[in-house]
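Peer 1: pasted the sequence and its predicted model underneath.
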Amino acid sequence: MTSERKSEITEWYHQHGDSIFRYILLMVRDHQQAEDLTQETFIKAFRYYDSFERKANPKTWLFRIAHNLTIDFIRKQKPLELLKELVLLGKSTSSVPEGIVEIRENSTELYQALSQLKGSYREVIVLRKIREFSIQETGEILSWSDSKVKNTLSRALSALEKQLNKEGIIHEKN
């Protein structure tokens, strides 16, 4: 059983480790901490392997673990900053069609603009548009309803568009 577990977790690491690392790195903005949290993700997956329901997608389950570990880390590191983000989250009411911003994974400018957004916006953009999770999978990872994923993504894309325009980078579709 343990060798089967070890083998499957190793396979998952090879398949999803880089994606999980990049997701965490976008959230914590610290290379070493992202490596540590990625390692913790797979340790936790190994530890709770028996609780994994086979009907679920392993990638979604791993991202959920990574998300929870990252949020816990951020909460411990920046409680005041998190509080400010939560207060500001309720104030944004603008929306924009989902397709207005063209997102390219290898765009340095995009990642720079993303780093300026609040955490929830960064998370939903990374999961939906960069990692290409479905609305349902994104909701599972973030513990959000489908409508919250859609609404937050709409607001996040609007904020990203404003940030890209502010930096003089236009990525609008005509």
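Peer 2: The structure has been received and is ready for your questions.
Peer 1: quick one: neighbours of the residue nearest to Gln163 when sequence neighbours are not counted, just the number.
Peer 2: The spatial neighbour of Gln163 that comes closest, neighbours along the chain excluded (Cβ to Cβ, 6 or more residues apart in numbering), is Ala113 at 4.3 Å. For every residue, glycine as well, the C-beta is placed using N, CA and C. Counted with other Cβ atoms under 10 Å, the neighbours of Ala113 add up to 23.
Peer 1: can you check the one 4 residues further on too?
Peer 2: The number of residues packed near Leu117 is 19, by other Cβ under 10 Å.
Peer 1: that one touches Gln163, doesn't it?
Peer 2: Yes. Using Cβ atoms under 8 Å, Leu117 and Gln163 qualify as a contacting pair, with a distance of 6.6 Å.
Peer 1: could you pull up the residues touching Gln15?
Peer 2: Gln15 sits next to Lys59 when contact means Cβ atoms under 8 Å, 6 or more residues apart in numbering.
Peer 1: now it: how far from Lys55?
Peer 2: In this structure, Gln15 and Lys55 are 18 Å apart, going by Cβ to Cβ, to the nearest Å.
Peer 1: so which residue is dead centre in this structure?
Peer 2: The residue lying closest to the centre of the chain (Cα atoms, centre = their mean) is Glu123, at 3.5 Å.
Peer 1: hang on, that one packs against Trp144?
Peer 2: No. At 9.6 Å, Glu123 does not count as touching Trp144 under the criterion of Cβ under 8 Å.
Peer 1: poorly predicted segments of the chain, please.
Peer 2: Regions of the chain meeting the criterion pLDDT under 70 cover residues 1, 78-109, 169-174.
Peer 1: all the helices of it, residue numbers only.
Peer 2: 2-28, 31-47, 58-77, 79-89, 108-115, 119-125, 135-142, 146-166 (DSSP state H).
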